[in-house]
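In: only geometry, no sequence info:
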């Protein structure tokens, strides 16, 4: 059986991580969700550097990026991924609390694959995560 | 004695003579009769019988005078008597009238009587007489001839009539016997001699020739000589005719000269001259005529004489032209009526029009018969053109005179009007035709007429235009004006006074303008002197130096220099250095660039250092020469100080503005960060609250209804707060959004929105009454928010009304201002809280009654204000609300 690629989830807020992971759990997704706490770690993860230098070689099926993160925010990370020849083919979904137009426009300009505002209503949030997981991990074909 | 006896006697006698004698007598050609002493015939031969017409036999014995009584008294009778009486023979030749014949009679007395032989000599006698007559005639002719008639024999004059005497002054004695050549001029003698010798030899020589003879006084005279040979007194002679031709020569010469003159005259005459014979054929013409003919025929080269002579006009000219000439010629040649100075117009082939003055005169011979005609045509085209030009000029002048609004008139030296124009007619209220020929005395009182006359005389005396001013009143409409009159004496080319030309101009208005101008000048002058600015006028003199020609009071006040130290002074003496150099430089620049030059200048004047903005404008005359400079100085000494203060203040202000701007920019950024923070950070905990509560609920087994309600409340509150955050963010974002105005058709926009809500309300059947809405200038996306809000509000607040009616329309249309109302019959509101209506998060209804964040109307108000409009509302609880938007 083929190895199931992980989902990379970048989020600094522990509550969000817990609730999101709970949501993924509800969806019964087979994919492992690797969580990183800031933008720098996203790049380390993808480039097998820093604390991820010994990580087994594995391309995530999708990257879920929070915008507001310490050290390097989600927009900056997106910019680097989409300008990197090897990384730019990985789908990136912005998963954020912000509904600011600026972020939305900029993300799309940089080539984001999807932009999701986390609903306040947990039930709606659950629904959203479920859709994200099933679409990107199951429906979508990656290179 | 009886007749028979006598007869017998004669016969006896005759017989006695013997038969032979009788035979002789009978056969001879002479007539013969014999008479006895009694005068009776004793014999008559046959010839005599023929002459007498009698039978000779019968006549024997008859008495002569009885038989021929008509002979009694005739010479024959007398001579017979004489011969009988004196017994002498008589011979006679005599005319016998009864027979109209001449007879030669030889009368011999015989013993018996008389024997008479006679012969009819009429023929001979008549020839003799004729010869004699002829000789007489010739002699008379020769003697009375005007020519000299000479007979020369062997070179010597043997005969001369008296004429040589008259011609040569020689006497007859000196002439006869003199050699002929003596009278011939020496140089001609040789020729004469040669001719003579040749003639003698029978050679052919001229019969007539001209030569000169020498007179006794040595003078020479031209003569014509005719010489012919003839026999004179049995000798070969020369008959010489000499004719004095000096007079003829003179005449000939004169005639030749006349002809040459005439020919020359005609040939060089610019007028066309031609002669036609009685058959209308051209027999002569001059070059001018040929030239003229070429023009008429449209030919470039002249017509030659040979082409036209002997031809009629019909052979030369086109039919119609020839016919017109012929008509005239016929009048001259056939009726003898001259055509004199007739003007004839024609257009030649090239379209050039020409005029000719034509005269045609019949030529008559001595008997008065017309042999032909002479035509003379003179080209008067130029004159005609000149006449036309003159006429045009005259018309132009007349039009000019008539059109000029001035009064114009011309009076002769006696003051009689010769010309006047329509304007002048007004003065005397009479037509020109009524004025001409009259004087001023016929129209105005003597006093005024005298005045006019005096002015006219004055002009004549001065010999040049003379001005005077006078007040005149028009007779036609009573118009009274102040006139400037110019009277000019007019002289003809010979310098003789024709009259006085008058031109009068109504200068009433000019005079008024002058007065106004003077007034204006006075006003300007007072402005000049009372104005605060320094004003000065500089004159540029011939030697290019600058002199103050005028300064105003301000100049004197400000500089402290007295007027007398400035006016007329060179600027070098007034303006101190170093300003002078600057000033001069700027003056020159102003003149060179023909523009106003401004500069700031600080000069030390007696009143102290003064700073001013100096402006100098050059003034040019019509030749483009700069004659003056007008300058003004705006004293800015005080302003300068103020400016410095302002400069300092500005510096501070700018710094403060920069600081403030930086502060604002920071604040703006903070606000942005704040909004971001709200959007991102405030929402996260809400999600967490809801999320964890949901998780908690899941983990609680068999929750009570109360517990479930609590979990729901937590979720509800979280969501509500999230919405409020969104609304607030939206409001803040609208506040920063710039307004981009275009034309917005509210009619379309509102009906679209209403349509959408209509379909949303579905069965609830809200009735929309929407009137026609205008187009306005505004931001379509913002206006969309306004009407979305107001219409959704209306729908929302009528949701509990059974018969919901929403009306939208224009309530007032006040010029460019338009008020649109949105009226519903829903929940309405208490007017006491109107002021709260448009504030953020201010609600007049509970969420339970009507949902809402309380930010919609705040947004509407904000947008309307951004559009420069106003919004107001009125309402009553349960009776609906009306919102008014005025753009």
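Out: Arrived safely. Nothing here was measured: the structure is a model prediction, and the numbers come from that model.

In: CA only for contacts and neighbour counts going forward, please
Out: Fine.

In: ok, the residue most central in space within chain B to residue B:546 distance?
Out: Geometric centre of chain B, nearest residue: residue B:389, 6.7 Å, by Cα atoms, centre = their mean. The gap separating residue B:389 from residue B:546 is 56 Å, by Cα to Cα, to the nearest Å.

In: repeat for residue B:154
Out: Taking Cα to Cα as the measure, residue B:154 falls 123 Å from residue B:546.

In: dump the residue contacts of residue B:455.
Out: Residues in contact with residue B:455, defined by Cα atoms under 8 Å, 6 or more residues apart in numbering or on different chains, are B:468, B:487.

In: can you tell me the helix or strand for it?
Out: Assignment of secondary structure by DSSP states H and E places residue B:455 within helix B:446-462.

In: gap between that helix and the chain center?
Out: For helix B:446-462, the distance from its own C-alpha centre to the chain's C-alpha centre is 39 Å (Cα atoms, centre = their mean, to the nearest Å).

In: What of stretch B:581-599?
Out: Its chain's C-alpha centre lies 53 Å from the corresponding centre of stretch B:581-599 when counted by Cα atoms, centre = their mean.

In: cool, and stretch B:265-275?
Out: Taking the mean of its C-alpha atoms, stretch B:265-275 sits 31 Å from the chain's own mean (Cα atoms, centre = their mean).

In: Tell me the buried residues in that stretch?
Out: By neighbour count, and taking 16 or more other Cα atoms under 10 Å in any protein chain shown as the criterion, the buried residues in stretch B:265-275 are B:266, B:267, B:269, B:270, B:271, B:272, B:273, B:274, B:275.

In: nearest to chain A, of those residues?
Out: Set against chain A, the nearest of the buried residues of stretch B:265-275 by Cα to the nearest Cα is residue B:270 (107.9 Å).

In: What about the buried residues of stretch B:265-275, which are in helices?
Out: The helices in this structure, assigned by DSSP state H, contain B:266, B:267 from the buried residues of stretch B:265-275.

In: What is the most widely separated pair among the buried residues of stretch B:265-275?
Out: Set against one another by Cα to Cα, those have their most distant pair in B:270 and B:275, with a gap of 16.0 Å.

In: For residue B:560, see how far away residue B:223 is.
Out: Here residue B:223 is placed at a distance of 123 Å from residue B:560 (Cα to Cα).

In: The two: who's more crowded?
Out: In this comparison of residue B:223 against residue B:560, neighbours counted by other Cα atoms under 10 Å in any protein chain shown, the higher total goes to residue B:223 at 22 against 13.

In: Starting from the helix or strand harbouring that one, tell me which strands it pairs with and how they run.
Out: Applying DSSP H and E as the criterion places residue B:223 in strand B:220-232. Strands adjacent to strand B:220-232 in the sheet, as given by DSSP bridges, are strand B:208-214 (antiparallel), strand B:235-244 (antiparallel).

In: Quick check, central residue of chain A?
Out: Against the mean C-alpha coordinate of chain A, by Cα atoms, centre = their mean, the closest residue is residue A:64 at 1.2 Å.

In: next one: phi and psi at it?
Out: Reported as degrees, to the nearest 10, the phi and psi values for residue A:64 are phi -100, psi 120.

In: still on that earlier bit, tell me the buried residues in the strand holding residue B:223?
Out: When neighbours are counted by 16+ other Cα under 10 Å, the buried residues of strand B:220-232 are found to be B:220, B:221, B:222, B:223, B:224, B:225, B:226, B:227, B:229.

In: Now do the same contact list for the third one.
Out: Residue B:222 sits next to B:210, B:211, B:212, B:213, B:244, B:245, B:246, B:249 when contact means Cα under 8 Å, 6+ apart.

In: And residue B:423, which helix or strand is it part of?
Out: Assessed by DSSP H and E, residue B:423 sits inside helix B:422-428.
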